[in-house]
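Asks: turn this into a model:
(2 chains, ligands or ions: 2)
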Amino acid sequence: MIMNLLADVDIGKLLGLALRTSIGVQAATFALAAVGLNLHYGYTGLLNFGVVAFMAAGAYGMAIFFTQGWLGGSLILAIAAGLVFAVGIALSIGLPSLRLRADYLAITTIAIAEVLRISFRSQRLLDLTGGPFGLPSIEDRNANVSFADVVTVDWNPISDGSYGFWRLRFDDQTLWVMILGWLMVLLATLLIWGLMRSPWGRVIKAIREDEDAARALGKNVFSYKLQSLIIGGMIAALAGVTRALNTGFVETQQFRPQTTFFIWTVLILGGAASVWGPVVGSIAFWFVIIFVEELLRQMVDSGWIPEAILKSNDIASVRMIMMGLMLGALMIWRPQGLVGKKEEAQIDVR
Amino acid sequence: MSDNPVPTSFDTTIGSKKPDPILIVDAMAKTFGGLRAVDIDHLEVQRGIITAFIGPNGAGKTTLFNLITGFDKPNNGSWVFNTSSLAGKPPHLIAQAGMVRTFQLTKSLAKMTVLDNMLLGASKQRGELLRYALLRPQWQKQETEVLKKAGTLLERFNLSHMRDEYAATLSGGQRKLLEMARALMSEPTLILLDEPMAGVNPALVQSLLTHIEDLRDDGVSVLFIEHDMDVIMGISDWIVVLAEGKIIAEGTPADVSKNPAVIDAYLGSAVAEELKDV
Ligand SMILES: Nc1ncnc2c1ncn2[C@@H]1O[C@H](COP(=O)(O)OP(=O)(O)OP(=O)(O)O)[C@@H](O)[C@H]1O
Ligand SMILES: [Mg+2]
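Replies: Residues are numbered from 1 along each chain as shown, chains lettered A, B, ... in the order given. Ligands and ions are numbered 1, 2, ... in the order given. Now for the predicted structure:
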């Protein structure tokens, strides 16, 4: 019976798709956002349940400045504006809530993320954000205003063609964005690595362990928490920018709360408070998700799973179930994640 | 010994003036619901000596520490440390001013190594500023000095063999030692120790006491809370007795052990018997 199943499943396609996604731009954006969250939660102990707010700030900040032609239509400056917007979000979350108990930050971050998403969607901001249609708007597109083109065409140093082997072939544009995405992941990871081995990082970790102990030793806990929120927030904003440049548009559906929880899963899977955890976590996360989804799809198509149990169109929603299973399994068998240190595991329910 | 005035010549009335006070507390009150946890008219703590706060459980000793160090806000009251008023100041500024405390319930940073716990204690570290954090040459020299100091203190507190272990693996007594050593990393002028000997191996207590006396002789003022009578009588230069939030007596160990109010309110007859031998 197992042999029959193997005959019906195209293993090459399965592995090919899973690998392709796990090294793709999407995995890079999730890794980048998780690097930011790692500074917040893994190292500082800040419960940020609004990662997506920072991503949205970065993406929308960039998209608005670019499509409006402010700052001379320069994409670099538009990206910088997106990062500045993220700093503003960090301040507006941090200033009122970082002096309070940890759970207040959690509540504030969830709230800000939704407030931001719903405001971007509102009719009042239609001219600026494109409301439910997103950016670039139809008029922008007609006028050939596209931030993605700047990256994939204007900046692209790779000559036309397709690169790679087997199922891991990418056209030059995709390859270029992948390189840029992973390069940013690398830089952000090195930044965190450098910060965390400095005395600054020592204070940050001490705050995670016990705020009062840090205060008693003369450390300005509030200021450090705010610095962490800003730096991690800017890294997450860069993830939002990368995603927008990859998809070619921004719209509010991209910034629903579930993205935040995927990024949490990525971080916990890889290992919070470890330098490479977010990167390993994102690659592993996307590999598992796509592998299982494709396996199910093939099993449904070949009749191994009856329609009554699962239909082809429902497979995408299996993602949420899998996220839950992954988190559950980690809690039980590997609370430190794939590459985290056991002694520094944040979550230990035993 | 330092050339500070001899405490035996101090006035033993409650709230008496001290020749050179490092800390002056005025009209400090703290209530929790209907409970007056702290209610002090006036208290002066002499510079350069070892002062002990004693009193029954719930007397308000820890609460008083919390108020003085900014970890809790008094309902009213003012206090002056080294001529600067501290009322309303946040804890980290109070610590930076040179008044550093430890906690009754130890706060070791469990998922950091013993050495990192120690290094954190040092004050005014350049590398703790974000703008220098990535520029190692900017703080490398200071880090080396801080490391050296940490090594010396760990040696003194019998923790050298644990330096690379996570603090979570320490025993309760070792955590007390680590917390005290860590506080000393910042070179405080006044150190507040909340039951530093609780849970510490008796064999080590003696060497710790010697260390506290050394601190005093180096010019550090020590204020500590303790229940162990041998420890208190052994090293305190001055004792302040609290009960139900109020100071009921102060004086040298000899004065206090003879004070009928203290024996009544706190020591009880059993302890009074013990003290006859002191
Ligand atoms: N946060 C708080 N909320 C309510 N009551 C408190 C709080 N902190 C302390 N108390 C009360 O204040 C009183 C003084 O407590 P405190 O901890 O200062 O006593 P203590 O002298 O340190 O006692 P011990 O020797 O047992 O440590 C106690 O009755 C205690 O129950
Ligand atoms: Mg106490």
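Asks: for chain A, which spans come out with low pLDDT?
Replies: Residues of chain A that meet the criterion pLDDT under 70 lie in A:1-3, A:347-350.
Asks: return the distance of the residue of it found nearest ligand 1 relative to chain B.
Replies: Nearest to ligand 1 in chain A, going by C-beta to the nearest ligand atom, is residue A:212, at a distance of 13.0 Å. Where C-beta positions appear, they are placed from N, C-alpha and C, glycine not excepted. Counting by C-beta to the nearest C-beta, to the nearest Å, the gap from residue A:212 to chain B is 6 Å.
Asks: need the three-state assignment for residue B:150.
Replies: helix (DSSP: H, G, I helix; E, B strand; the rest coil).
Asks: that one is in contact with residue B:114, isn't it?
Replies: No: at 9.1 Å, residue B:150 and residue B:114 do not qualify as touching, with contact defined as C-beta atoms under 8 Å.
Asks: looking at these two, which one has more neighbours?
Replies: Neighbours per residue, other C-beta atoms under 10 Å in any protein chain shown: of residue B:150 and residue B:114, the larger number sits with residue B:114, 28 against 24.
Asks: and the more buried one, what is it in contact with?
Replies: B:154, B:159, B:162-167, B:170, B:178 (C-beta atoms under 8 Å, 6 or more residues apart in numbering or on different chains).
Asks: mind giving me the ChimeraX select for the residues you listed, buried ones only?
Replies: Applied in ChimeraX, the following selects the buried portion of these according to 16 or more other C-beta atoms under 10 Å in any protein chain shown:
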select /B:154,159,162,163,166,167,170,178
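Asks: neighbours of the residue of chain A closest to ligand 1, just the number please.
Replies: So residue A:212, with other C-beta under 10 Å, has 15 neighbours.
Asks: closest to residue B:68 out of the contacts of residue B:114?
Replies: Each of the contacts of residue B:114 was checked against residue B:68 using C-beta to C-beta; the closest is residue B:178, at 22.8 Å.
Asks: which element is that closest one on?
Replies: helix B:172-184 (DSSP states H and E).
Asks: report the buried residues of that helix.
Replies: B:173-184.
Asks: and what of stretch B:136-145?
Replies: Buried residues in stretch B:136-145, counting neighbours by 16+ other C-beta under 10 Å, are found at B:139, B:142-143.
Asks: ok, now stretch A:75-93?
Replies: A:75, A:78-79, A:81-83, A:85-87, A:89-90, A:93.
Asks: can you get me the start-to-end distance on stretch B:253-263?
Replies: End-to-end distance of stretch B:253-263 (C-alpha to C-alpha, to the nearest Å): 13 Å.
Asks: and residue 251, what is it in contact with?
Replies: Because you didn't say which chain, this covers chain A. A:130, A:132-135.
Asks: looking at chain B here, not the other one
Replies: Residue B:251 touches B:10, B:12, B:238-239, B:259, counting by C-beta under 8 Å, 6+ apart.
Asks: which members of the residues you listed are classed as buried?
Replies: Of these, these count as buried by 16+ other C-beta under 10 Å: B:10, B:238-239, B:259.
Asks: can you list the low-confidence ranges for the stretch 151-278 of chain B?
Replies: In the stretch 151-278 of chain B, residues with pLDDT under 70: B:265-278.
Asks: circling back to that earlier point, between which two of the buried residues of stretch A:75-93 is the distance greatest?
Replies: Largest separation among the buried residues of stretch A:75-93 by C-beta to C-beta: A:75 and A:93, giving 27.0 Å.
Asks: and residue A:39, which of the three is it?
Replies: Here residue A:39 is recorded as helix under three-state DSSP.
Asks: for the nearest residue to it once chain neighbours are set aside, pull up the helix or strand it's in.
Replies: The shortest distance from residue A:39 to any non-neighbouring residue, by C-beta to C-beta, 6 or more residues apart in numbering or on different chains, is to residue A:232 (3.8 Å). Using DSSP H and E, residue A:232 sits in helix A:221-247.
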